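**Student:** Below: sequence and its predicted model.
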Amino acid sequence: MRNALERLCGQNAPSGFEGPAAAVAAQLLSPLVDEVTVDRMGNVIGLRRCGKPNAKKLLLDAHLDEIGLMVTGIEEGFLRFRTIGGVDPRMLPDRELTVLTEPPMLGVVACLPPHVLKPEDADKALPIRELYVDVGLSQEEAEKQIPIGTPMVFRGSCFPLGKRDMCGKSMDDRSCFVTLLRCAELLKEKKLDVDLYIMGSTREEISGTGAQCATFAIAPDYCVAVDVTHGRTPDGPADRSCTLGGGPAIGVGPNMTRWMTRRMIEKAKENGIPYQLEVMAGHTGTNGWHMQICREGIATSVVSLPLKYMHSPIEVLRVKDMERVAQLLAAFAEHLGKEAGSLC
């Protein structure tokens, strides 16, 4: 899982530009399923058939895109930009970026040194409109090499943090796609009574349209959106975060199908998998929000992986939690066709 995570997080693929991550995802998924396709929205979809006629369909989803920036103009060789997805402007000054030109180049978000800051500005976060990216080029060179609309992402991949954790960019939500790969691996020698679809979806950070379109096309009977949730830190709200090492967070709320939530909890208990409950009173902030209303409605569950420092280049997760998410999803998939009827 660590190797797969490093490979996926090393790809630069913000929303709408997921091609590099999708190519790696398809390569990793191919040995675990019967077929892999890439649809019009760029979603990577793997299918493992159970061999039963008219079998029900289970779709497991995790998105492949990451947040980023996009060049909107060039002033004196410095790049102006807007955000792709939920980028926090407070953490941008001093940040190293990869500018996705051909070939890619490096840039840094410019900042004023503390020696020249006005006292009233020292504790303020600069708005995006006042920030620039320095790529070390003149105006003429920048105009030639960097087209308007060029995306940019945080520089880097991921790396071990201590013995238990991994740290890096874009683990929201490529870490969860890795849990889907591990789930498929755990089910490799198991007999299923549902057709299993595994999807690495696109554009979740901006709209969720990738998963929505694919869910409509697949027409599954059951969906599970697998995404990250906020990991607990000393300065964070305890009632809105989950513990790293505490296992998967099972979503509870009006936008999750109740019998699926109950079954997730039961399977965790049966298999001795530590789990946490996450109350989601409204919008889940995941693809589950869009998948549940496809066609005439899809039975949907949300399972989350605790992650600290979300939407930053230093996201942190616990590898053991990834394994436990995969174990829970595998347990949920087994005998689903037989058992779902009595639960609905």
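**Tutor:** Yep, that arrived.

**Student:** How is this protein divided into domains?
**Tutor:** The chain breaks down into these domains under automatic domain parsing: 2-66+169-343, 69-154.

**Student:** of all these, which lies closest to residue 162?
**Tutor:** domain 2-66+169-343 (9.6 Å; C-beta to C-beta). In this view, the C-beta of every residue, glycine as well, is placed from N, C-alpha and C.

**Student:** one step back: mind putting the domains of the chain in JSON lines, mean pLDDT and distance to residue 163 included?
**Tutor:** Compiled in JSON lines, those are given as follows (pLDDT from 0 to 100; distance: least, C-beta to C-beta, whole Å):
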{"stretch": "domain 2-66+169-343", "mean pLDDT": "96", "distance to residue 163": "9"}
{"stretch": "domain 69-154", "mean pLDDT": "90", "distance to residue 163": "25"}
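
**Student:** would you turn these into JSON lines with mean neighbour count?
**Tutor:** Below are the domains of the chain laid out as JSON lines (neighbours: other C-beta atoms under 10 Å):
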{"stretch": "domain 2-66+169-343", "mean neighbour count": "20"}
{"stretch": "domain 69-154", "mean neighbour count": "15"}
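
**Student:** So for residue 161, which of those sits nearest?
**Tutor:** domain 2-66+169-343 (5.9 Å).

**Student:** Between the two ends of that closest one, how far is it?
**Tutor:** 36 Å (C-alpha to C-alpha, to the nearest Å).

**Student:** Kindly report the same for stretch 30-38.
**Tutor:** 12 Å.

**Student:** now stretch 44-63
**Tutor:** 10 Å.

**Student:** Wasn't residue 268 part of a helix?
**Tutor:** Yes. Judged by DSSP: H, G, I helix; E, B strand; the rest coil, residue 268 forms part of a helix.

**Student:** picking that back up, can I get the domains of the chain in CSV with distance to residue 162?
**Tutor:** Below are these laid out as CSV (distance: least, C-beta to C-beta, whole Å):
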stretch, distance to residue 162
domain 2-66+169-343, 10
domain 69-154, 21
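
**Student:** mind listing the helices for this protein?
**Tutor:** 2-9, 19-29, 139-145, 171-186, 209-218, 258-270, 288-291, 319-333, 336-343 (DSSP state H).

**Student:** Take those and lay them out in a markdown table including distance to residue 67.
**Tutor:** Formatted as a markdown table, the helices of the chain follow (distance: least, C-beta to C-beta, whole Å):
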| stretch | distance to residue 67 |
| --- | --- |
| helix 2-9 | 13 |
| helix 19-29 | 13 |
| helix 139-145 | 23 |
| helix 171-186 | 8 |
| helix 209-218 | 15 |
| helix 258-270 | 28 |
| helix 288-291 | 18 |
| helix 319-333 | 21 |
| helix 336-343 | 33 |
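
**Student:** Residue 51: which of those helices is closest?
**Tutor:** Per C-beta to C-beta, nearest to residue 51 of the helices of the chain: helix 336-343, 11.8 Å.

**Student:** what's the angle from the closest one to helix 258-270?
**Tutor:** Orientation of helix 336-343 against helix 258-270 (axes from the mean of the first three to the mean of the last three C-alpha atoms, to 10 degrees) gives an angle of 120 degrees.

**Student:** Can you name every helix or strand that helix 336-343 contacts?
**Tutor:** strand 56-63, helix 258-270 (3 or more C-beta pairs under 8 Å, 6 or more residues apart in numbering; DSSP states H and E).
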